[in-house]
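J.: Need coordinates for the following:
(chains A and B)
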Amino acid sequence: KAGVTQTPRYLIKTRGQQVTLSCSPISGHRSVSWYQQTPGQGLQFLFEYFSETQRNKGNFPGRFSGRQFSNSRSEMNVSTLELGDSALYLCASSADRGDTDTQYFGPGTRLTVL
Amino acid sequence: GQNIDQPTEMTATEGAIVQINCTYQTSGFNGLFWYQQHAGEAPTFLSYNVLDGLEEKGRFSSFLSRSKGYSYLLLKELQMKDSASYLCAVRDGNKLTFGTGTQLKVEL
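T.: Numbering: from 1, shown residues only, chains lettered A, B, ... in the order given. Model (predicted):
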């Protein structure tokens, strides 16, 4: 089975712009979660989607949004970019089959905001 | 609220054993995960504990005590390739909360 894929792998934007990141989960996985990773804060949960619905949300401002499509692929969008949004954005998918469910991570998108 | 603590850095010698501790205080608990992350790469799943006790998987073992809010990851026969960040994560429902990770350096 192919793993989780994320595109693009690297992105450079300027302050005020917006960006859309894409994630394709492992085939058969219905849950997709997004995380932001920075050296100071570690991995922080952004949101989780299941069956095209946002099921959980972390403590991030409304500039961060996402969606999931019927094929379980997911996108996240960040509007009005700030310097502090520079980070590695990781997507993880899981089969959502109960308590032993494991999240598998994609390689991430490295976003740099200038 | 969620609070997960791990040591920031550890150093160990090739061939030795190292134990990485994780303590947590979370509002909900559905299990504890350990992930390994090499620099510039995605986290990869190592182990999962939901019941108290030890889970062994080759050179890696993980222990959980739910009453103490405590887990550890034990790495045996350390190899240079084990130099990485080790992340402890607690699951509450469908959400994972991560510690900031322990950077392990394996030296000759």
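
J.: What count of nearby residues applies to residue B:34?
T.: Residues near residue B:34, counting by other C-beta atoms under 10 Å in any protein chain shown, number 24. (Each C-beta comes from the backbone N, C-alpha and C, glycine too.)

J.: State the distance from it to residue B:13.
T.: Taking C-beta to C-beta, to the nearest Å as the measure, residue B:34 falls 21 Å from residue B:13.

J.: same deal with residue A:33?
T.: Counting by C-beta to C-beta, the gap from residue A:33 to residue B:13 is 36 Å.

J.: When these two are compared, which one has more neighbours?
T.: residue A:33 (27 against 11).

J.: so residue B:61 bridges to which residues?
T.: residue B:56, residue B:74 (DSSP bridges).

J.: Contact partners for it?
T.: Contacts for residue B:61 (C-beta atoms under 8 Å, 6 or more residues apart in numbering or on different chains) come out as B:47, B:54, B:55, B:73, B:74, B:76.

J.: For chain B, which residues are neighbours of chain A?
T.: Contact residues, chain B versus chain A (C-beta under 8 Å from any C-beta of the partner chain): B:30-31, B:33, B:35, B:41-45, B:48, B:50, B:87, B:89, B:93-101.

J.: give me that answer again for 7 Å
T.: Proximity of chain B to chain A, by C-beta under 7 Å from any C-beta of the partner chain, involves residues B:30-31, B:42-43, B:45, B:48, B:50, B:87, B:93-101.

J.: which of those residues are buried?
T.: Using 16 or more other C-beta atoms under 10 Å in any protein chain shown as the burial test, the residues of chain B next to chain A include B:30-31, B:42-43, B:48, B:87, B:94-101 as buried.

J.: Among the residues you listed, which are located in strands?
T.: Members of those lying in strands (criterion: DSSP state E): B:48, B:87, B:95, B:96, B:97, B:98.

J.: Dump those residues to CSV, plus pLDDT and distance to residue A:16.
T.: Listed next are those as CSV, based on pLDDT from 0 to 100; distance: C-beta to C-beta, whole Å:
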residue, pLDDT, distance to residue A:16
B:48, 93, 42
B:87, 97, 33
B:95, 83, 31
B:96, 88, 31
B:97, 91, 31
B:98, 93, 30
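
J.: From the chain's centroid, how far away is stretch B:76-90?
T.: 8 Å (C-alpha atoms, centre = their mean, to the nearest Å).

J.: helices and strands of chain B: which one bottoms out on pLDDT?
T.: The weakest-scoring helix or strand in chain B, judged by mean pLDDT, DSSP states H and E, is strand B:95-98 (a mean of 89).

J.: Tell me which strands that strand pairs with, and in which orientation.
T.: Strand B:95-98 has these strand partners (DSSP bridges): strand B:84-92 (antiparallel).

J.: Tell me where the chain is predicted with low confidence.
T.: Picking chain A for this. A:1, A:97-100 (pLDDT under 70).

J.: oops, chain B please
T.: Short version for chain B, where the test is pLDDT under 70: B:1.

J.: what about the closest residue in space to residue B:43 that isn't next to it in sequence, how many residues close to it?
T.: Nearest residue to residue B:43, sequence neighbours excluded (C-beta to C-beta, 6 or more residues apart in numbering or on different chains): residue B:35, at 3.9 Å. Residue B:35 has 25 neighbouring residues, counting by other C-beta under 10 Å.

J.: How about the contacts made by residue B:35?
T.: B:43, B:44, B:45, B:46, B:87, B:89 (C-beta atoms under 7 Å, 6 or more residues apart in numbering or on different chains).

J.: how about stretch A:56-69: buried residues?
T.: A:56, A:58, A:60, A:64, A:65, A:66, A:68.
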